[in-house]
Each structure stands twice: as C-alpha cells, then as structure tokens.
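J.: Sharing a model that was predicted from the sequence below.
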Amino acid sequence: MNHKNQGSSRSILIVDDDRLILATLLQGLQQAGYVVFQASSGKEALQLAMTHAPDLAILEVRMPHMSGIELAQRLKQDFQIPFLFLSAYGDSDIVRQAVEQGAVGYLVKPVDTLQIIPAIEAGLARAAEIQRLQRAETDLSVAISIGRDTNIAVGLLMEQRRLSRTDAFELLRRHARAQQRKIQDVAGELVQASETLWCLVH
C-alpha cells in the first residue's frame, strides 16, 4: 500500500527513549507525509508540545524519569493533545491505564510504518470526534445557561410589572435591542441584580 502524502502535513510527536525506534518511525512517517517531531524524554516532549502543538503524540509507556502515562496526563491537561501509546508490553494493567488516560490507541512493539499509519489515522479521527462532542457539550451547557437566565428574567418581569409571559419577554427584548446588546446578557444582569438585592434584605 502506498502511504505517500497520507499525513497531509499533520504533525506527530514521537516520544521514546529508544533512539532506533525514534529513527525508524521518523523516517517512515516523514515518507508518509507527516511532519514529525521526536523526543527521547518526557521533559523534551513537553517543550516540543509547547512550541509546536502537534496533532497527535505517540508515547512509549515505560521511560525513565517521566513515564508515558505521566506524560500523557500532562499533554492532556496542559495542551489538549491526543495521544496513543506504544509499548513492548501488552499486559492488561498497562492497557487499562492507557484507557483511563483517554488514549486514542495502543500499539505493541515491534511496529512498522504499514502498521502504525492506520492507527494514527484512526486516532486522529477519534480525537476529532471527541473534540466535536466536547464542543457540543459546551455549547449545550451555554445554551441551557442562557435559557435559564432568560426564563428567570421573564419571570421577574412578570411578577414586578404584572405582565403576561409574552409581554414580559417582549419588554426584555426591546430593552436589549435599545442597548444594542444580546438578550441573554441583559437577562443575566437582571437576574444578578435580583439575587444581589435578595441577599441584602435577607
């Protein structure tokens, strides 16, 4: 199978304390069209992650000073970089830790380019889907929050002005339009002011 240009300039960070593994994967992935960065330690990998923000990291599990598991935690927490693990060990405990850290793949050595490229592409696709779902969850949370403030504000206007729900919402909408602001921002301020007043009198 010809993997030339498979990478489409996407960048991969390879982290392994075995220089031979690094050299082999570097050559194979560059030939496949990926931009490749390599590191032989967790510290070096974090510096590269900060500088280059790769699309995916391939991490050896067992390394001195900072293990691949520890490095994965840092990459996820500090840089939101997806990762897959590469190891000579396939025991269930390591696989379980990989899953718990959110790895998008797990490969057992020895590997070659023909084997690793499909795993990389699957990992990138899975990471993109996870990011899409996270964005959707964030958008939903914001939408729920916006709806809540607006509904509360409408309820406050109904009570204070003795208005119907429709008239209260229209009053809020007109006020926001007059100030050239979003209705949810005006609603949020009204709710906050009401909560502040409640705290002062109780």
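T.: Cool, got the structure.

J.: what about Gly188, distance to Gln31?
T.: Distance, Gly188 to Gln31, by CB to CB, to the nearest Å: 54 Å. Just so you know, the C-beta spots here come from the backbone N, C-alpha and C atoms, and that holds for glycine as well.

J.: Mind checking which of the two has more residues around it?
T.: Set Gly188 next to Gln31 and count neighbours by other CB atoms under 10 Å: Gly188 wins out with 18 against 14.

J.: In space, what's closest to that one - neighbours in sequence excluded?
T.: Asp149 (4.6 Å; CB to CB, 6 or more residues apart in numbering).

J.: so what's the backbone phi/psi at the one you found?
T.: The phi and psi torsions at Asp149 (degrees, to the nearest 10) take the values phi -60, psi -40.

J.: so it touches Val191, yeah?
T.: Yes. Checked against CB atoms under 8 Å, the pair Asp149 and Val191 is within contact range at 5.1 Å.

J.: Which neighbours do the two have in common?
T.: Residues touching both Asp149 and Val191 by CB atoms under 8 Å, 6 or more residues apart in numbering: none at all.

J.: tell me which residues of stretch 21-34 are tucked away?
T.: Ile21, Leu22, Thr24, Leu25, Leu26, Gly28, Leu29, Ala32, Tyr34 (16 or more other CB atoms under 10 Å).

J.: for those residues, which one is nearest Arg174?
T.: Nearest to Arg174 among the buried residues of stretch 21-34, counting by CB to CB, is Tyr34 at 55.5 Å.

J.: how near is the closest one to Leu26?
T.: For Tyr34, the distance to Leu26 (CB to CB) stands at 10 Å.

J.: Do a quick rundown of the strands in the protein.
T.: With strands called from DSSP state E, the chain shows them at 11-15, 35-39, 56-60, 83-87, 106-108.
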